[in-house]
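Colleague: A structural model of the following input is requested.
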Amino acid sequence: MAIRADTRRLLDAVATMEHAARKFRKIADFAAKANPADYRAWGMTMALDVREQIEIIEKRLSDLYRAADLIERKASR
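Modeller: From the prediction side, this is the model:
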């Protein structure tokens, strides 16, 4: 029973991180489209920072999915 609760918490964390990744992607798209000269450098820097955060989130999501799979496999034994 505790294993299933752990899996549920992992999947909830995954959903939260996926939501954050979508938000970061929207910010990155907005920043990349910033055209005014005053904001161009800021937009490029922001877009790069956000893309780095997206990569980190995607890696953590991958780790969480692997952990959830492992827990489920152990629970089904």
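Colleague: Which secondary structure element is home to the spatially closest residue to residue 54 that is not a sequence neighbour?
Modeller: Take residue 54 and drop its neighbours on the chain: the residue closest to it by CB to CB, 6 or more residues apart in numbering is residue 24, 5.0 Å away. (Each C-beta comes from the backbone N, C-alpha and C, glycine too.) When elements are defined using DSSP states H and E, residue 24 is found to belong to helix 2-32.
Colleague: what helices or strands is that helix leaning on?
Modeller: Using 3 or more CB pairs under 8 Å, 6 or more residues apart in numbering; DSSP states H and E as the contact criterion, the secondary-structure elements in contact with helix 2-32 are helix 37-75.
Colleague: quick one: average confidence on the helix it packs on?
Modeller: Rounded to a whole number, the mean pLDDT of helix 37-75 is 73.
Colleague: Distance-wise, check the residue nearest to residue 54 relative to residue 71.
Modeller: Counting by CB to CB, to the nearest Å, the separation of residue 24 from residue 71 is 27 Å.
Colleague: go on, residue 22?
Modeller: Distance of residue 22 to residue 71, computed by CB to CB: 25 Å.
Colleague: Those two: which is more packed in?
Modeller: Neighbour count, other CB atoms under 10 Å: between residue 22 and residue 71, residue 71 has more, with 19 against 12.
Colleague: is it true that the more buried one touches residue 5?
Modeller: No: under the criterion of CB atoms under 8 Å, residue 71 lies out of contact with residue 5, with a separation of 10.0 Å.
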